[in-house]
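Next one to model:
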Amino acid sequence: MGLQISATNPEHPALLLELPWRTPLEEWPEEYLVPLPRGISRHVVRYARAGDEVVAVKELAERPALREYELLRDLDRLGIPAVDALAVVTGRTDRAGEPLEPVLITRHLGGSMPYRSMFETTLRPATMHRLMDALAVLLVRLHLAGFAWGDCSLSNTLFRRDAGAYAAYLVDAETGELHRRLSPGQREYDLDLARVNISGELLDLEASGALHPSVDPVEFGTEICARYRGLWQELTRTSVYPAGKYHYIERRIRRLNDLGFDVAEMQIESSTTGDTVTFVPKVVDAGHHQRQLLRLTGLDTEENQARRLLTDLESWMATQDDYAPGGEHSLAARPEVLAHRWVREVFRPTVRAVPGELRGTMDPAELYHELLEHRWYLSERAQHDIGLDTAVQDYLRNVLPGARRAPDTAPG
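Next up is the predicted model:
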């Protein structure tokens with residue numbers, strides 16, 4: 001049987017056919033490869049260019065390749081942060097006709113970094129705490145969707161900047177299983193694996209001298225368990241309120257929104273005596289602020305970026321003559337109209353003021369967040385609001401030209 005490409009997009013097979021499938025992946029010529037940082041993997045992995053896209057190519061046996069391909073597609077349908085599965089290539093042979101392993105192809109996650117690349121300059125403990133937060137949120141989201149990862153680790157995760165925090169994305173779904181619902185035992189098994197894996201990875205970094213001296217690898221491995229359990233408890237716990245105190249339910253929902261989650265379904269029951277009401281959030285979806293920003297502006301961002309942009313949007317809207325909270329004035333513009341005006345008059349011109357070649361890997365939302373942070377810093381120093389235009393000019397003049405050391409790193 002000849003070469004076969006199973007792909008999600010009809011455009012991809014034609015682009016992928018240009019790659020050297022008759023050559024073992026570890027021997028691919030440099031002309032096909034893209035020099036991006038790679039994490040540790042039990043398989044051979046390379047980044048390559050297919051048309052205008054950068055793809056990750058991983059060699060593994062046919063059955064696990066097809067299985068992981070389907071699992072990644074399932075996670076995409078569930079809205080879980082994971083790499084996009086593009087294709088599986090089977091039927092590979094070398095020029096002598098000897099069989100070669102199939103490959104799984106995923107889209108490179110722009111602006112992302114494997115954890116080992118982040119540790120090239122020693123991360124501060126505060127930054128590592130943010131990584132643990134991001135990984136705990138990812139694991140909770142997987143478990144809420146019924147996905148048992150089976151190999152949660154830093155190595156199997158990519159991280160992207162998210163307005164001062166990080167967003168975590170699943171990379172390797174090879175050991176995963178999708179169920180209608182996970183049992184407490186399945187969740188605890190996943191959590192225990194995460195603790196052991198993360199502690200082992202940090203011990204390895206410690207042995208190489210890449211770990212901050214104040215970091216205890218075992219404590220940090222245990223930390224994800226505490227962060228996971230606290231978030232899981234808040235998202236799933238049953239609340240009992242006095243009858244008539246329905247604003248308590250609204251307050252609980254708002255607290256979940258503040259954590260970045262929406263209650264898509266809930267269960268409310270009155271006691272037999274009518275004295276109390278029991279509230280259970282049955283289905284919780286992540287991305288509360290993402291959805292809100294997307295609905296208002298059409299901007300698709302990470303969750304913390306969306307939260308920051310919404311705050312700036314609301315502050316800007318309050319300065320507009322045709323703004324009225326709640327639309328209580330007959331001449332008030334709808335929030336969606338004001339939001340699109342903000343994108344057109346504020347967000348896009350601000351981002352475009354920074355030349356593309358100077359942005360590095362920052363996406364527009366992360367760049368806008370950095371500019372807002374710079375404005376706040378300069379305004380605090382000046383003891384008055386300096387305005388966004390002035391902040392942008394100072395950012396271009398004093399921040400971007402130098403090869404500045406990343407704020408999340410410390411001398412090794």
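
Nearest residue to Gly150 in space, please, no chain neighbours.
Nearest residue to Gly150, sequence neighbours excluded (Cβ to Cβ, 6 or more residues apart in numbering): Thr175, at 3.4 Å. For the C-beta atoms, the positions are set from N, CA and C on the backbone; glycine is no exception.

What does that neighbour show for phi and psi?
Phi and psi for Thr175, reported as degrees, to the nearest 10, are phi -100, psi 0.

Would you confirm that it contacts Cys152?
No: distance between Thr175 and Cys152: 9.5 Å, which falls outside the contact criterion (Cβ atoms under 8 Å).

Comparing the two, which residue is more hemmed in?
Ranked by neighbour count (other Cβ atoms under 10 Å), Thr175 and Cys152 place Cys152 first, with 29 against 16.

Can you tell me the SS state at the more buried one?
coil (DSSP: H, G, I helix; E, B strand; the rest coil).

Now it: closest residue in space, sequence neighbours ignored.
Using Cβ to Cβ, 6+ apart, the closest residue to Cys152 is Ala194 (3.9 Å).

quick one, strands of the stretch 201-350 of the chain?
Listed in chain order, the strands of the stretch 201-350 of the chain (DSSP state E, counting those that start in this stretch) span 239-242, 261-270, 276-286.

can I get those strands in a markdown table with mean pLDDT, distance to Ala165 and mean neighbour count?
What follows is those, written out as a markdown table (pLDDT from 0 to 100; distance: least, Cβ to Cβ, whole Å; neighbours: other Cβ atoms under 10 Å):
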| stretch | mean pLDDT | distance to Ala165 | mean neighbour count |
| --- | --- | --- | --- |
| strand 239-242 | 88 | 27 | 13 |
| strand 261-270 | 85 | 15 | 14 |
| strand 276-286 | 85 | 14 | 17 |
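
got those strands as a markdown table, with distance to Leu33 columns?
Below are the strands of the stretch 201-350 of the chain laid out as a markdown table (distance: least, Cβ to Cβ, whole Å):
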| stretch | distance to Leu33 |
| --- | --- |
| strand 239-242 | 54 |
| strand 261-270 | 40 |
| strand 276-286 | 34 |
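
on that earlier part again, residues that sit against both of Thr175 and Cys152, list them.
Common neighbours of Thr175 and Cys152 are not found (criterion: Cβ atoms under 8 Å, 6 or more residues apart in numbering).

thinking again about what came up before, confirm for me that the residue nearest to Cys152 is in contact with Leu135.
Yes: counting by Cβ under 8 Å, Leu135 is a contact partner of Ala194 at 7.5 Å.

so what's in contact with the two at the same time?
Counting by Cβ under 8 Å, 6+ apart, the contacts common to Ala194 and Leu135 are Cys152, Ile224.

Mind listing what's buried along stretch 372-383?
Neighbour counts over stretch 372-383 (16 or more other Cβ atoms under 10 Å) mark Leu372, Glu373, His374, Arg375, Leu378 as buried.

Endpoints of stretch 159-173, how far apart?
The separation between the terminal residues of stretch 159-173, taken as Cα to Cα, to the nearest Å, is 16 Å.

in it, what counts as buried?
So stretch 159-173, judged by 16+ other Cβ under 10 Å, has buried residues 159-163, 165-173.

Can you identify each of the helices in the protein by residue range?
Using DSSP state H, the helices of the chain run over 12-16, 62-77, 115-118, 125-144, 184-208, 217-236, 246-258, 288-297, 303-317, 335-342, 348-352, 356-359, 364-382, 388-394.

Which residues does the longest one contact?
By that I understand helix 184-208. Residues from elsewhere that reach helix 184-208 (Cβ under 8 Å, 6+ apart): 115-116, 119, 132, 135, 139, 143, 148-155, 179, 211, 215, 217-218, 220-222, 224-225, 228, 232.

and that helix, how far from the chain's centre?
Distance, stretch centre to chain centre, for helix 184-208: 20 Å (Cα atoms, centre = their mean, to the nearest Å).

between that helix and helix 217-236, how big is the angle?
Counting by axes from the mean of the first three to the mean of the last three Cα atoms, to 10 degrees, helix 184-208 lies at 150 degrees to helix 217-236.

What's the local residue count around Leu203?
Leu203 has 14 nearby residues by other Cβ under 10 Å.

Check the gap between Gln320 and Val346 for me.
Gln320 is 11 Å from Val346, where distance means Cβ to Cβ, to the nearest Å.

Report pLDDT for Arg291.
pLDDT, Arg291: 91.

Next one: it from Asp285, what distance?
The spacing between Arg291 and Asp285, counted by Cβ to Cβ, is 8 Å.

Could you do Thr297 as well?
Distance of Thr297 to Asp285, given as Cβ to Cβ: 20 Å.

one step back: can you tell me which of the helices of the chain is nearest to Ala87?
Ala87 lies closest, by Cβ to Cβ, to one member of these: helix 12-16, at 5.5 Å.

about what we covered before: mind putting the buried residues of stretch 159-173 into a markdown table with distance to Ser270?
A markdown table is the format used below for those (distance: Cβ to Cβ, whole Å):
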| residue | distance to Ser270 |
| --- | --- |
| Phe159 | 45 |
| Arg160 | 44 |
| Arg161 | 46 |
| Asp162 | 41 |
| Ala163 | 41 |
| Ala165 | 40 |
| Tyr166 | 42 |
| Ala167 | 40 |
| Ala168 | 40 |
| Tyr169 | 42 |
| Leu170 | 40 |
| Val171 | 46 |
| Asp172 | 46 |
| Ala173 | 42 |
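
Same list (those residues) but as a markdown table, adding distance to Gly111 and pLDDT.
Listed next are the buried residues of stretch 159-173 as a markdown table, based on distance: Cβ to Cβ, whole Å; pLDDT from 0 to 100:
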| residue | distance to Gly111 | pLDDT |
| --- | --- | --- |
| Phe159 | 10 | 94 |
| Arg160 | 5 | 91 |
| Arg161 | 7 | 90 |
| Asp162 | 10 | 91 |
| Ala163 | 13 | 87 |
| Ala165 | 14 | 87 |
| Tyr166 | 11 | 91 |
| Ala167 | 10 | 93 |
| Ala168 | 13 | 95 |
| Tyr169 | 11 | 96 |
| Leu170 | 16 | 96 |
| Val171 | 14 | 94 |
| Asp172 | 19 | 92 |
| Ala173 | 21 | 93 |
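
of those residues, closest to Ile80?
Leu170 (6.9 Å).

these two touch, right, that closest one and Asp76?
No: using Cβ under 8 Å as the test, Leu170 is too far from Asp76 to be in contact (10.7 Å).
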